[in-house]
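Asker: Predicted coordinates and the sequence they were generated for:
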Amino acid sequence: MAKKTELNITVELDENNLPVKMNWSSSDNEQKGDCKAMFLSLWDEKEKNSMHLHLWTKDMLLDEMKQFMHQVLLGESDTIKKSLNDEKLAAMLYDFAHEFALKAGILKNVE
């Protein structure tokens, strides 16, 4: 029999349905935690398109969101490298993430 695990995400909303608190847990290894932002992407095989759920709490600071976005881009670059085995495509996204970090003020341009 195949092993199964559950990933649970709980989102508390305010009176305007804006996220104020989020937490996650995994049934597999009993890990859990709070988070201020999450991006969930799913591939719909039948429709051949992706579905996205992007949430962040009201108290997430702009600098935190910029850093989060930068790390998401770096993670996607790693995913392309590992799953597609495409070094050039991964490097293009990595370079974009670096440029994003410079423009967002996360990294300083050292010349």
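Answerer: Received the coordinates, thanks. Predicted model only: the values in this text are computed from it and were never measured.

Asker: Local confidence estimate at Asp78?
Answerer: Asp78 carries a pLDDT value of 97.

Asker: In a helix, it, correct?
Answerer: Yes. Judged by DSSP: H, G, I helix; E, B strand; the rest coil, Asp78 forms part of a helix.

Asker: what's the nearest residue to it if we skip its chain neighbours?
Answerer: Distances taken as CB to CB, 6 or more residues apart in numbering put Ala90 closest to Asp78, at 7.3 Å, once the chain neighbours are dropped. Backbone N, C-alpha and C define where each C-beta goes, glycine included.

Asker: element containing that neighbour?
Answerer: Element membership of Ala90 [criterion: DSSP states H and E] is helix 87-104.

Asker: ok, which stretches of this structure are strands?
Answerer: Counting by DSSP state E, one finds strands in the chain at the ranges 7-13, 19-26, 32-35, 37-44, 49-56.

Asker: What angle do strand 37-44 and the last one make with each other?
Answerer: Taking axes from the mean of the first three to the mean of the last three CA atoms, to 10 degrees, one finds strand 49-56 and strand 37-44 inclined to each other by 170 degrees.

Asker: Quick one: list the elements packing against strand 49-56.
Answerer: Under the contact criterion of 3 or more CB pairs under 8 Å, 6 or more residues apart in numbering; DSSP states H and E, strand 49-56 touches strand 19-26, strand 37-44.

Asker: contact partners of the last one?
Answerer: Right, strand 37-44. Residues from elsewhere that reach strand 37-44 (CB atoms under 8 Å, 6 or more residues apart in numbering): 9, 22, 24, 49-57, 60, 64-65, 68, 72.

Asker: now it: mean pLDDT?
Answerer: 95.

Asker: what do you get for the first one?
Answerer: For strand 19-26, the per-residue pLDDT values average out at 96.

Asker: Figure out how far that strand is from the centre of its chain.
Answerer: 14 Å (CA atoms, centre = their mean, to the nearest Å).

Asker: Flag every buried residue along it.
Answerer: Of the residues in strand 19-26, Pro19, Met22 count as buried by neighbour count, 16 or more other CB atoms under 10 Å.
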